[in-house]
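*Asks:* need the 3D shape of this:
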Amino acid sequence: MAENENVRFVSSSIKLPLFPNPHPLLVFPNLPFARQTLASNLQKTREALLSVISSISNLRKQSLNRLPKPPLLCSSSLSLARSEEAGSSPVEGRESPQRGYLPHRQGREDEERVLISEVLIRNKDGEELERKDLEAEAAAALKACVPNSALTVREVQEDVHRIIDSGYFCSCMPVAIDTRDGIRLVFQVEPNQEFHGLVCEGASVLPSKFLEDAFRDGYGKVVNIRRLDEVINSIDGWYMDRGLFGSVTDVEIFSGGILRLQVSEAEVNNITIRFLDRRTGEPTTGKTRQETIFRQLTTKKGQVYSFLQGKRDVDTILTMGIMEDVSIIPQQVGDKKVDLVVNVVERVPGGFSAGGGISSGITSGPLSGLIGSFSYSHRNVFGRNQKINLSVERGQIDLICRMNYTDPWIEGDDKRTSRSIMVQNSRTPGTLVHGNSQNQSDHGSVTIDRVTAGIEYSRPFRPKWSGTAGIVFQHAGACDEKGKPMIRDSYNNPLTASGNAYDNMLIGKLETVYTGSGDHRSSMFVFTMEQAFPVLAEMLSFRRVNARARKGVGIGPARLVLSLSGGHVIGDFSPHEAFAIGGTNSVRGYEEGAVGSGRSYAVGSGEISFRMFGPVEGAIFADYGSDLGSGSKVLGDPAGVRGKPGSGHGYGAGIRVDSPLGPLRLEYALNDRHATRFHFGVGHRN
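*Replies:* Modelled structure (predicted):
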């Protein structure tokens, strides 16, 4: 826009240069919710022109027998006559007009040709155009109408359309003039106005800068309808790319070169939740409170509806875990409003279940660490999507009783904060740290008893980022296979940091998590920091940090996944809390914890996976892990006295099979000590 023009804001904050005699723009009729551009108006003009041409041609045919000679061509039609139908001799003092006509027939019976001696471009008053560039544009559009050519009415009509299609002219009237040299064909054109300002009505989300950039090159130039239609398509494309329901519905050019765009945007009028029966699909009464679903929706009343945002809302509702199916149906209300109907099908809220798994601490024996589980869960307590889970797991040594209560969105909180309360009593094998990778059976077994209770709060604070803060109390100690408490192991090394049968810890926890697409092979980062507070004299005091990162990269049909993890502990901590290295989720090719255990650790892994057939996927991998020389710094040096190397690597291949329990993994690995081992796991690798 010109910098020296006064500027005011109209409707959607689109700049409009003022002009002396403004057209009344403040009152407009209601427009239908449909797209209409100047192209449609142009089509109507063409149809009207064809109607005029046909009428004049018919009138000409009816009057041919009464006329002594053909009249002059006018009103965008060419009157053609055969020489034998002229009916009279040439007028005295003039050359016979018959010399300009050809009796040759081509195509239809009533299509005859007339010889054109001259073709001119003029304005609607018959005068030369002030702008020679527009005259050149009109002349360049002509294909059939050239001097000294024999033309039919159809060919002249087609050239009229070509001039209009050039986009620079709002009207074109062909006029034929009989001269002494023959028929002179004059195209009387009316150019469009020059563009001097823009008014955009109804656009609440369309950026003004987008429109300014789209029209900047045309300021001060004659409006080209073809270029204008491209701009309108780009505006519609802007809405489509963002999933918004909006389009240009009308275009007008007013005196003074002011262009007015009318944009229709579908605003959300009302949102309704409708529960459907999971068997019949008919409306039913739901058990979930409607406000629990409404708070998951980012689409609000008064917003321009976006189907992309609606899709995200559907995904968000599904992640609640209480819906079997969700869909959003927009329904038009009036010209510029839509009502949204959210159809939801509830899942069975919960019940009893049984399952199984693998213990990471048991790698030998007849059951090879198998664990059976029994649980009761309810995922929609009080219709608020609150979850409760009671479970019992039992294995060769493992015994875990757990109770979890989760409120995924605390009522009244606008930050989507969740709260989780956990109480757990567990007995797990201590072989990860206190096992002997060479001859474990010689020195008995150690079992770790823990009672844990805590509360955690989590909140998303950026897209794909979330944070967790909590506090946990832990009462932990060691015992033998008969359940008798142990203070020292068979090597006479301490099993607790306090010297008592049990260590007590009050641990504060902070964690931040980044997740990419959510796929287990996409990018991921987790950082955790824990601080043990010595509230009482016998309580432990330590600080522990741990980090895990993963990056997935596509390599043709295969995918490379690189992962790295590491951690460090400062202060006094129980020996069984040391970082254990080796095993199915660490360095494959070694037993669980057989590489080492220390205050610090680092484990890296590279894996290439590829689809084989159906649900079966193949993989090759390589792992490396080290305690970074910190094994001897753990109280009692449990890794050193058991001959663990402290570092090691392994490599191998495996297959994965998708199942209802999750991926089933079977892997075969060789370690740097030339020992081989099969690894079996359920679920994705940590």
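*Asks:* how about Arg162, secondary structure?
*Replies:* At Arg162 the chain is in helix, as set by DSSP: H, G, I helix; E, B strand; the rest coil.
*Asks:* where does the prediction get shaky in the protein?
*Replies:* Scanning the chain for pLDDT under 70 picks out 1-111, 356-369, 436-444, 518.
*Asks:* how about the strands in the stretch 501-650 of the chain?
*Replies:* 502-515, 524-532, 542-555, 558-571, 579-581, 596-598, 600-613, 616-626, 647-657 (DSSP state E, counting those that start in this stretch).
*Asks:* how about these in a markdown table, adding mean neighbour count and distance to Glu112?
*Replies:* From N, CA and C alone the C-beta is placed, and that goes for glycine too. Output for these, formatted as a markdown table (neighbours: other CB atoms under 10 Å; distance: least, CB to CB, whole Å):
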| stretch | mean neighbour count | distance to Glu112 |
| --- | --- | --- |
| strand 502-515 | 18 | 78 |
| strand 524-532 | 17 | 80 |
| strand 542-555 | 16 | 68 |
| strand 558-571 | 17 | 73 |
| strand 579-581 | 29 | 98 |
| strand 596-598 | 30 | 103 |
| strand 600-613 | 17 | 71 |
| strand 616-626 | 19 | 76 |
| strand 647-657 | 19 | 80 |
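*Asks:* TSV for those strands, including distance to Leu134?
*Replies:* Output for the strands of the stretch 501-650 of the chain, formatted as TSV (distance: least, CB to CB, whole Å):
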stretch	distance to Leu134
strand 502-515	59
strand 524-532	62
strand 542-555	54
strand 558-571	59
strand 579-581	81
strand 596-598	84
strand 600-613	62
strand 616-626	66
strand 647-657	70
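*Asks:* contacting residues for the closest residue to Val526 other than its chain neighbours?
*Replies:* In space, Val526 comes closest to Arg548 once its chain neighbours are excluded; the distance is 4.7 Å by CB to CB, 6 or more residues apart in numbering. Neighbour list for Arg548: Met524, Phe525, Val526, Ser563, Leu564, Ser565, Asn686 [criterion: CB atoms under 8 Å, 6 or more residues apart in numbering].
*Asks:* for the strands of the stretch 501-650 of the chain, which one sits closest to Met323?
*Replies:* strand 502-515 (21.3 Å; CB to CB).
*Asks:* how far does that closest one sit from its chain's centre?
*Replies:* Distance of strand 502-515 from its chain centroid, counting by CA atoms, centre = their mean, to the nearest Å, is 34 Å.
*Asks:* which two in the contacts of Arg548 are spaced the farthest apart?
*Replies:* Phe525 and Asn686 (13.9 Å).
*Asks:* what residues are up against Val205?
*Replies:* Contacts for Val205 (CB under 8 Å, 6+ apart) come out as Leu244, Gly246, Glu265, Val304.
*Asks:* who's the first one bridged to?
*Replies:* On the basis of DSSP bridges, Leu244 is bridged to Ser306.
*Asks:* what number of residues lie near it?
*Replies:* By other CB atoms under 10 Å, 20 other residues sit near Leu244.
*Asks:* how close does it get to Lys300?
*Replies:* From Leu244 across to Lys300, the span is 14 Å (CB to CB, to the nearest Å).
*Asks:* likewise the second one?
*Replies:* Relative to Lys300, Gly246 is positioned 17 Å away (CB to CB).
*Asks:* for Ile471, same thing?
*Replies:* 36 Å.
*Asks:* show me which of the two is the more surrounded one.
*Replies:* Each of Ile471 and Lys300 has its neighbours counted (other CB under 10 Å); Ile471 has more, 15 against 10.
*Asks:* need the contact list for the more buried one.
*Replies:* Here Ile471 is in contact with Gly454, Ile455, Leu506, Ile507, Gly508, Lys509 (CB under 8 Å, 6+ apart).
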